[in-house]
Each structure stands twice: as C-alpha cells, then as structure tokens.
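In: From the sequence below, what's the structure:
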Amino acid sequence: MTTTSSHYVTVLWEARARSGKEAAMKAFMTAAVTASRHDAGNIDYDAHQVEGEPGTFVVFERWESREALDGHLQAPRMQDLVPQLLELMDGGIEDGIRILEPFRPAR
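Out: Predicted coordinates for the structure are as follows:
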C-alpha cells in the first residue's frame with residue numbers, strides 16, 4: 001500500500017466468500033466492522049454487499065493517516081481475525097485492496 005497525497009488514507013477492499021461460506025463471511029465482517037470503527041484514527045469504516053452478487057463484499061475505510069491505518073492493521077485483534085477470514089474467503093486479503101487518492105478541482 002502507498003501513502004496518498006492528502007493527509008488521510010482511503011482504502012477500498014473487495015472480497016468474495018468461498019462457495020457455501022457467504023452467510024458466515026457476512027456475519028464475520030459485520031462483527032469486525034464495529035470494532036474497527038473504534039480504532040484510533042478511523043474516520044469511516046463501512047461494509048457493503050454487492051447488489052446481485054451474494055458473497056461479494058466491499059469495505060470502504062478512511063483513516064486520518066497512514067500511521068493510523070498501519071496501527072489498525074497491526075492491532076492484536078486483526079492478527080487474530082486474519083486467519084479466520086482467510087478460511088471464509090476466496091483468494092488473499094491483499095488481492096482486493098486498493099488505495100484511493102482523493103483529488104478536488106481547483107477553486
């Protein structure tokens with residue numbers, strides 16, 4: 001992941017559940033989102049299921065800084081959750097991560 005040019009960091013993460021694990025992954029993500037919203041430096045943390053694609057999920061996150069995001073990723077809670085998540089999803093976690101760089105038109 002790279003640092004954005006602005007002071008905050010936006011992450012868009014898409015993941016797909018393994019066949020037969022759709023409901024379990026949705027329940028897992030629902031529980032994980034609430035705790036992540038309380039991590040230091042979190043601005044937004046919202047999970048979505050893609051309409052018409054059961055088992056495909058998108059998480060939108062904004063963090064005050066790269067340091068805040070790194071703190072979230074290194075939290076002991078996250079280290080415990082990652083192996084559980086990998087059992088529920090297709091592919092790896094890094095496969096669906098995109099860092100968004102905000103831009104605004106000149107005023």
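In: So which elements touch the longest helix seen in the chain?
Out: Longest helix in the chain by number of residues (criterion: DSSP state H): helix 22-37. Counting contacts by 3 or more CB pairs under 8 Å, 6 or more residues apart in numbering; DSSP states H and E, the secondary-structure elements packed against helix 22-37 are strand 9-17, strand 42-49, strand 56-63, helix 76-88. For the C-beta atoms, the positions are set from N, CA and C on the backbone; glycine is no exception.
In: Least confident of these, on average?
Out: Confidence, taken as mean pLDDT, is least for helix 76-88 of the helices and strands packed on helix 22-37 (a mean of 93).
In: Which positions within that one qualify as buried?
Out: 78, 81, 88 (16 or more other CB atoms under 10 Å).
In: and the next element down the chain from it?
Out: Downstream of helix 76-88, the next assigned helix or strand under DSSP states H and E is strand 89-90.
In: Direction included, what does the helix or strand just after that following strand pair against?
Out: Using DSSP H and E, the helix or strand that follows strand 89-90 towards the C-terminus is strand 97-100. Using DSSP bridges, strand 97-100 pairs in its sheet with strand 9-17 (antiparallel).
In: Any buried residues in the strand it pairs with, and which?
Out: Across strand 9-17, burial judged by 16+ other CB under 10 Å covers 9-11, 13, 15-17.
In: Which of those residues sits closest to residue 64?
Out: residue 9 (8.0 Å; CB to CB).
In: List the beta-bridge partners for residue 44.
Out: residue 62.
In: and the end-to-end length of stretch 12-30?
Out: Terminal residues of stretch 12-30 are spaced 16 Å apart (CA to CA, to the nearest Å).
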